[in-house]
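In: the following comprises the amino acid sequence and a computationally predicted model.
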Amino acid sequence: MGAKTIVYPISYFISRDVDKFSFHSFQIPEQGQVIMPPVTTPLLRKAFHFVPGLKIKFSVIHGGRSEDVDWEVFVDPYNQSYIYCHATKSSAYFVNNETLHYFTSFFGDRHSLLHYFYLGAYKVLLGYYPTLDLDDTFPVEGFYGGMAKYLQDFIAPFYRYLQAGYAGAFTEADDPMNPTKVTLQSSATVRIGRQIRRKIDFTFSIENNLIVGFKVIENKVCTEAKRLP
């Protein structure tokens with residue numbers, strides 16, 4: 001008591017204003033703000049628990065065509081976890097710190113189902129909060145190149161005119177207190193200045209402690225992936 005307050009950010013916390021939840025990452029709470037630690041939900045914690053050796057198989061329908069896709073979880077020599085697609089030789093690196101699942105980088109085919117999964121589940125809070133929106137930004141390298149990227153690098157200290165943003169929220173649950181079925185909706189939006197150049201919408205269905213499927217809609221074209229046993 002009476003000691004000097006040290007200004008130090010808290011790693012993760014959730015604030016509540018009436019019925020609206022907000023997620024904060026490495027921030028300092030405001031004076032009088034009501035905050036709480038994130039509480040994970042067993043369904044989400046298990047659904048995004050990608051352990052080394054886990055094999056995931058999806059049946060994919062796109063443009064009237066159907067194919068099966070096989071993924072496998074590995075760990076590289078630097079102890080970094082990633083999901084690998086055997087068909088496209090693509091890799092999506094991720095972190096799961098028991099509070100968040102988030103992707104850190106992607107290498108490979110940017111038209112693959114794994115890349116869509118990387119975009120749609122870019123950052124997921126492992127706790128169900130029905131009015132909480134989670135936002136983040138993608139690295140611009142994954143969406144821009146050539147002269148546009150060179151110009152952005154040059155003026156980056158002053159202005160960011162190339163932007164790629166992520167937004168996600170849980171929209172449905174069978175039980176708000178202890179859900180066994182949850183719907184996650186997210187989007188990836190690419191902008192040059194204020195103009196939207198690309199927008200992709202995602203809907204994930206989570207039940208039985210698994211991501212049982214997800215839909216991707218871009219330019220009114222739907223890609224649907226269903227989890228196989």
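Out: Cool, got the structure.
In: which helix or strand in this protein has the lowest average pLDDT?
Out: helix 146-155 (a mean of 54; mean pLDDT, DSSP states H and E).
In: what helices or strands is the helix or strand in which T203 is found leaning on?
Out: In the assignment (DSSP states H and E), T203 maps to strand 195-207. Under the contact criterion of 3 or more C-beta pairs under 8 Å, 6 or more residues apart in numbering; DSSP states H and E, strand 195-207 touches helix 42-47, helix 113-120, strand 181-192, strand 210-218. For the C-beta atoms, the positions are set from N, CA and C on the backbone; glycine is no exception.
In: possible to save these as CSV with mean pLDDT and mean neighbour count?
Out: What follows is the helices and strands packed on strand 195-207, written out as CSV (pLDDT from 0 to 100; neighbours: other C-beta atoms under 10 Å):
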stretch, mean pLDDT, mean neighbour count
helix 42-47, 97, 18
helix 113-120, 97, 23
strand 181-192, 93, 18
strand 210-218, 97, 18
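In: want to throw these into a markdown table with distance to N79?
Out: Converted to a markdown table, the helices and strands packed on strand 195-207 look like this (distance: least, C-beta to C-beta, whole Å):
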| stretch | distance to N79 |
| --- | --- |
| helix 42-47 | 21 |
| helix 113-120 | 20 |
| strand 181-192 | 28 |
| strand 210-218 | 24 |
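In: of all these, which one is nearest K199?
Out: Smallest distance to K199 across these (C-beta to C-beta): 5.0 Å, for strand 181-192.
In: other SSEs contacting the closest one?
Out: The contact analysis (3+ C-beta pairs under 8 Å, 6+ apart) places strand 181-192 against helix 42-47, helix 113-120, strand 162-173, strand 195-207.
In: centre of the chain to that strand, how far?
Out: In terms of C-alpha atoms, centre = their mean, to the nearest Å, the gap separating the centre of strand 181-192 from the centre of its chain is 8 Å.
In: can you list contacts of it?
Out: Strand 181-192 is contacted from outside by 41, 43-44, 119-122, 124, 128, 138, 143, 148, 161-174, 196-207, using C-beta atoms under 8 Å, 6 or more residues apart in numbering.
In: domain map for this protein?
Out: With domains defined by automatic domain parsing, the chain comprises 1-37, 38-227.
In: so of those, which one's packed in deepest?
Out: For these, the largest average neighbour count (mean count of other C-beta atoms under 10 Å) is found in domain 38-227, namely a mean of 16.
In: how about L44: what's its closest non-neighbour residue?
Out: L126 (4.6 Å; C-beta to C-beta, 6 or more residues apart in numbering).
In: and the one you found, how far from V51?
Out: L126 sits 15 Å away from V51, going by C-beta to C-beta, to the nearest Å.
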